[in-house]
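[1] got a sequence here, can you model it:
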Amino acid sequence: MERIGIIGVGEIARALVAGLYDGGDTSPEVFLSPRGAHAAAELSARHENVRVCADNQEVVDRSELVIIAVRRQDRHGALAGLRVDDDKIVVNVMAGVGSDDLRRTLATDAPLVRAIPLPAVRERRSVTVTCPSHPAVDSLFTYLGGVLPVADEAAFDVLSALTGTLTTHYSYLATLTSWAAGQGIDPDDADRYVRGLFQGVGRTLGDQTRSLDRLAADHETPNGSNERIRTTWFGPANAAALRKALDDLLADLR
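    Numbering: from 1, shown residues only. This next block holds a predicted model:
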């Protein structure tokens, strides 16, 4: 793809642009909507081939592939009246907005692909789920860290629900840091230690020769500290509550 448009310039749009341009390779032209004017202007100033368009229609007209990244609740206002020719490729990264819903809004026969790019695409380290598989879209996300095409939107929604756990993980780490500070540790030292501890854990996830259950077992000893926290805090009741929360989120996404 030589011309990519992005409607909705938020965190995901910034991450996509960074991933496309910060690798030093030849990058496509990127056309941004004026929505999120400050972020769009900043990206345009930083990258030579990034341009801010007058409106969303200009984004569509200039692009071969259009990424729609507005918030779910804003989609009708942002997309109403857009003309999308059938030779365009539309990538929908709005959580909870299915392809049938978007096709009705856009009134187009253009190929529609759902995707779940995560902020780590800025470093080209994030696997992006797509549905359905499309050569141009899968090629784009392969460059940005990897692609995981799934066969149907039911499977897509399950993986989309998992992304709802990201900020819970950050809050978990913040709670650990706060607890340590409450025990008299300097807050900056606590923050530094917790970050280092879990960055190391994150790197072990690259070892795909071991299952996640195996990794957990390999990091604890019988009657040790890790086993104690896992069995007393993250026991069956906590695990069931997490599954229930995910079930409820999945129902809303569908």
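
[2] test my guess that residue 156 contacts residue 148.
    No: if you go by Cβ atoms under 8 Å, residue 156 and residue 148 don't touch, sitting 9.9 Å apart. Quick note: C-beta positions are derived from backbone N, CA and C, even for glycine.

[3] and those two? Which one has more around it.
    residue 156 (23 against 16; other Cβ atoms under 10 Å).

[4] average pLDDT for the stretch of helix or strand that one belongs to?
    Secondary structure from DSSP states H and E places residue 156 in helix 153-162. The average pLDDT within helix 153-162 is 94.

[5] packing partners for it?
    Helix 153-162 sits against strand 112-116, strand 128-131, helix 236-253, with contacts defined as 3 or more Cβ pairs under 8 Å, 6 or more residues apart in numbering; DSSP states H and E.

[6] out of the ones you listed, flag the one nearest residue 35.
    Closest to residue 35 of the helices and strands packed on helix 153-162, according to Cβ to Cβ: strand 112-116, at 19.0 Å.

[7] angle of the closest one against helix 153-162?
    Strand 112-116 runs at 30 degrees relative to helix 153-162, counting by axes from the mean of the first three to the mean of the last three Cα atoms, to 10 degrees.

[8] before we move on, back to that, show me the common contact partners of residue 156 and residue 148, please.
    residue 129 (Cβ atoms under 8 Å, 6 or more residues apart in numbering).

[9] what residue ranges in this protein are flagged as low confidence?
    1, 23-26, 36-37 (pLDDT under 70).

[10] mind listing the helices for it?
    For the chain, the helices defined by DSSP state H cover 11-21, 37-46, 56-62, 75-79, 99-106, 135-143, 153-162, 166-182, 187-204, 212-218, 225-232, 236-253.

[11] then the shortest one to PDB, C-alphas only?
    What that stands for is helix 75-79. Extracted as PDB, the C-alpha positions of helix 75-79 are listed here (Å, rounded to 0.1, in the frame of the first residue of the first chain):
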ATOM      1  CA  ARG A  75     -18.900   6.600  14.300                       C
ATOM      2  CA  HIS A  76     -22.200   7.900  12.900                       C
ATOM      3  CA  GLY A  77     -21.200  11.600  13.200                       C
ATOM      4  CA  ALA A  78     -17.700  10.900  11.800                       C
ATOM      5  CA  LEU A  79     -18.700   8.700   8.900                       C
END
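
[12] which other helices and strands does it contact?
    Packed next to helix 75-79, using 3+ Cβ pairs under 8 Å, 6+ apart, are helix 99-106.

[13] show me what the helix it packs on packs onto, helices and strands only.
    Using 3+ Cβ pairs under 8 Å, 6+ apart, helix 99-106 is in contact with helix 75-79, strand 89-92, strand 112-116.

[14] report the angle between it and strand 112-116.
    Using the same axes, to 10 degrees: helix 99-106 against strand 112-116 is 120 degrees.

[15] hmm, who's touching helix 99-106?
    Contacts of helix 99-106 (Cβ under 8 Å, 6+ apart): 68, 75-76, 79-80, 82, 84, 90, 92, 94, 112, 114, 153.

[16] buried residues, it. List them.
    When neighbours are counted by 16 or more other Cβ atoms under 10 Å, the buried residues of helix 99-106 are found to be 99, 102-103, 105-106.
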